[in-house]
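In: Fold the following, please.
(chains A and B)
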Amino acid sequence: MNKWKLIMLVALAVLTMGVLAACGNAPNETENEEKETKNEANASEETSEETELSGPVSIDGSSTVLPIMEYVTYEYNQAHPEVEAVLNSSGSGGGFKKSTVGEIDFSNSSRPIKDEEKAQAEENGITLHEIEVAYDGLSVVVSQENDFVESLTVDQLKQIFLADGSATKWSDLNPDWPEEDIIIYSPGHDSGTFDYWNEVILEENPMREGENTTLSEDDNTLVTGVKSDPYAIGYFGYAYYIENENTLKALAIDNGDGNPIKPSGETIQDNSYSPLSRPLFTYVNVDSLKEKPQVYDFAKFTIENAGAAAESVGYVALPEEKYQEQLDEIKELAGK
Amino acid sequence: MTQQINISQIKGRVTRNKIYKGIFILAISLAMLALATLLYRILSQGLGYLSIDFLKNYPAPYIEEAGIFAGLMGSVFMMCITAPVSIILGVSTALYLEEYATQNRFTRFIQVNVQNLAGIPSIVFGLLGLTLFVYLLAMGYTLIAGALTMSLLVLPVIVVASQEAIRSVPKEIREASIAMGATKWQTIWRIVLPASIPGIITGAILALSRAIGETAPPLIIVGAAAAIYTIPDSFLSKYTVMPIQIYSWTARPQEEWQFVAAAGIIVLLAILLCMNAVAVWIRNKFQKRY
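Out: Below you'll find the predicted structure:
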């Protein structure tokens, strides 16, 4: 009796495995077929200007840059399905941890590489070449329901966000404003966005924390928090502001020259939205660039398409000549 | 006089009974309400985006073309490795602890640690997987490294569940088996294991459901991809899994991606439901009455 049940159970297990394997295999085959037909199509379309590319391209790093690179890898995959582009998202710092030991070809970052990361790379005999893919304007936002503040100076931002800053109520900044606590929403300490804020606004001083402060790695959490509270203030990437334009209000930022400027495509691109417009990067491993043709090709493709990618996912493209310059740079680096 | 006291006592008990009943009904309706809200939101947001193409497509920057195929296949393949590894290791451990190990300080120490392991945050297992499989055993950021990390994650739960199942097999039938002249191994293989299979499988499937659903933090560490355009063809392939895909969609600024994520969640829920249904079915099928 028991034996029979055991046999039945084994049979069941085998069956399940079989079904799973079948499920796994069937799409696999059709996929391969699809790929083959795609390859043929590509082969017939493409003239002999390029040799057939294949092999892996590994990309990791900032989640801010992720949407741009996803656009690029997707389009690249359409053109070269036999190149295995794999895109990960472990944050700017996480990306550099891998790229400085040579594990990956591209390291996306929403901030420039730090000196200690550069030193780490040198120690391992690795050179990383910086490519700017787009601009982002860190937008300082309040809720649409907030009807008293339109612009802030950098000094006022410091008073709000610094741990030893003097403003905890809106009335501390301007006696005409309501006497209500300022509720802060900020990206968490692991994000490149916080790193940039830390550099240009906090200047490496500790940020206000604890009461009335919410930190989150998820920008959508910050958006939700700010839009529902007229006394809240937060900052995050421009794309998140644009998507929530009708519930959020971006503040004009005065860089100390008495001329507050709101973030927009133009002010971010021409850098007049200062100091909060920032470039977004990907760092390519120079050895990969030289030795792996698919990495060079991917880098070229990235630069050529980064502008369109940036626009389509809510960032701001660089001026055309900037892309051209960078294209020339990697051509020279790769010796082509 | 005495009768009156009795009646008022009974009345008190009846009211208390009613109050507690009310509290319990309230408790379950709160839980059901939360579940219903979740399901309603997910279904109303995601159903419109669910289609055959969604199941067949790879991640894409365009909402109409985005799909969960890579994640779905990655999750299935990962389960194909994680399930056998964790079940074989887990049941063996449980058998050793319950049947062979003598009760001394050392086994108690192991017991307590296994139970503690079941409560450790998954990210810690991710870090362990990174050091052990990715670096030390030089597997790199591959399917096998991810799957083994997941096995570690669910192993303690399977061990504890299997132990409970084995322990619940009545002593009498073991003794009967041994009295008939069966060896210890024969008793385990022919009597104890078949009798405890419902409990073991139920525990194992619930543990694996955890692995398939709640895996984003450890798997990001061991390198599951955010966007990938191939499905695994060997143990050493790069891979992604459903929760990572869903996570990367929910983090987008554009609101429509939340709906795509909801569609992904529906697929994930469907798979979880199937796994749990199998668990219930096995339990009923092999249930023994002693």
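
In: alpha carbons only for contacts and neighbour counts from here, please
Out: Will do.

In: Residues of the stretch 151-300 of chain A that sit close to chain B?
Out: Applying Cα under 8 Å from any Cα of the partner chain, one finds that the stretch 151-300 of chain A approaches chain B through A:218-220, A:239-240, A:243.

In: Touching, B:Ile197 and B:Phe286? I think so.
Out: Yes - with contact defined as Cα atoms under 8 Å, B:Ile197 reaches B:Phe286; the gap is 7.3 Å.

In: Looking at these two, which one has more neighbours?
Out: B:Ile197 (22 against 18; other Cα atoms under 10 Å in any protein chain shown).

In: neighbouring contacts of the helix or strand harbouring that one?
Out: Assigned by DSSP states H and E, B:Ile197 falls within helix B:193-213. Outside helix B:193-213, the residues that touch it by Cα atoms under 8 Å, 6 or more residues apart in numbering or on different chains are A:2, A:5-6, B:75, B:79, B:83, B:87, B:91, B:150, B:153-154, B:157-158, B:161-162, B:164-166, B:168-169, B:242-243, B:268, B:272, B:275-276, B:279-280, B:282-284, B:286-288.

In: Which of those residues fall within helices?
Out: A:2, A:5-6, B:75, B:79, B:83, B:87, B:91, B:150, B:153-154, B:157-158, B:161-162, B:164-166, B:242-243, B:268, B:272, B:275-276, B:279-280, B:282-284, B:286 (DSSP state H).

In: coming back round to it: of the contacts of helix B:193-213, select the buried ones using a PyMOL command.
Out: In PyMOL, this line selects whichever of the contacts of helix B:193-213 come out buried by 16 or more other Cα atoms under 10 Å in any protein chain shown:
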select buried, (chain A and resi 6) or (chain B and resi 75+79+83+87+91+150+153+154+157+158+161+162+164+165+166+169+242+243+268+272+275+276+279+282+283+286)
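
In: rewinding a little: would you tell me what the next helix or strand after the helix holding B:Ile197 is?
Out: helix B:216-221.

In: what about that following helix and chain A, touching?
Out: Yes - with Cα under 8 Å from any Cα as the criterion, chain A is reached by helix B:216-221 at B:220-221.

In: Quick one: distance of that helix to the chain centre.
Out: 16 Å (Cα atoms, centre = their mean, to the nearest Å).

In: quick one: contacts of that helix?
Out: Helix B:216-221 is contacted by residues A:89-90, B:122-127, B:130, B:146, B:149, B:243-244, B:247 when judged by Cα under 8 Å, 6+ apart.

In: Repeat that for stretch B:73-91.
Out: A:17, A:20, A:24, B:143-144, B:146-148, B:150-152, B:154-156, B:158-159, B:162, B:200, B:204, B:208, B:212, B:231-232, B:239-242.

In: Now the helix holding B:Ile197: buried residues?
Out: If you call a residue buried by 16+ other Cα under 10 Å, then helix B:193-213 has these buried ones: B:193-213.

In: And for stretch A:88-105?
Out: By 16+ other Cα under 10 Å, the buried positions in stretch A:88-105 come out as A:88-100, A:102-105.

In: swap in stretch A:136-146?
Out: By 16+ other Cα under 10 Å, the buried positions in stretch A:136-146 come out as A:136-144, A:146.

In: Would you point out the most distant pair within those residues?
Out: A:Asp136 and A:Asn146 (24.4 Å; Cα to Cα).

In: Around chain A, pick out the residues from chain B.
Out: So far as Cα under 8 Å from any Cα goes, chain B lies against chain A at B:59-61, B:73, B:76-77, B:80, B:190-191, B:194, B:220-221, B:223-231, B:238, B:251-255, B:286.

In: Now the buried members of the residues you listed.
Out: B:59-61, B:73, B:76-77, B:80, B:190-191, B:194, B:220-221, B:223-231, B:238, B:251-254, B:286.

In: need the helices for chain A, in chain order.
Out: Assigned by DSSP H, the helices in chain A fall at A:2-45, A:66-79, A:91-99, A:115-123, A:154-161, A:170-173, A:192-197, A:219-227, A:238-243, A:265-269, A:286-291, A:293-313, A:320-334.

In: will you turn those into JSON lines that also has mean pLDDT?
Out: What follows is the helices of chain A, written out as JSON lines (pLDDT from 0 to 100):
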{"stretch": "helix A:2-45", "mean pLDDT": "47"}
{"stretch": "helix A:66-79", "mean pLDDT": "90"}
{"stretch": "helix A:91-99", "mean pLDDT": "88"}
{"stretch": "helix A:115-123", "mean pLDDT": "92"}
{"stretch": "helix A:154-161", "mean pLDDT": "91"}
{"stretch": "helix A:170-173", "mean pLDDT": "90"}
{"stretch": "helix A:192-197", "mean pLDDT": "86"}
{"stretch": "helix A:219-227", "mean pLDDT": "90"}
{"stretch": "helix A:238-243", "mean pLDDT": "88"}
{"stretch": "helix A:265-269", "mean pLDDT": "89"}
{"stretch": "helix A:286-291", "mean pLDDT": "90"}
{"stretch": "helix A:293-313", "mean pLDDT": "91"}
{"stretch": "helix A:320-334", "mean pLDDT": "89"}
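
In: counting contacts, what elements does whichever strand or helix holds B:Ile19 pack onto?
Out: Per DSSP H and E: B:Ile19 is located in helix B:2-46. Counting contacts by 3 or more Cα pairs under 8 Å, 6 or more residues apart in numbering or on different chains; DSSP states H and E, helix B:2-46 packs against helix B:256-286.
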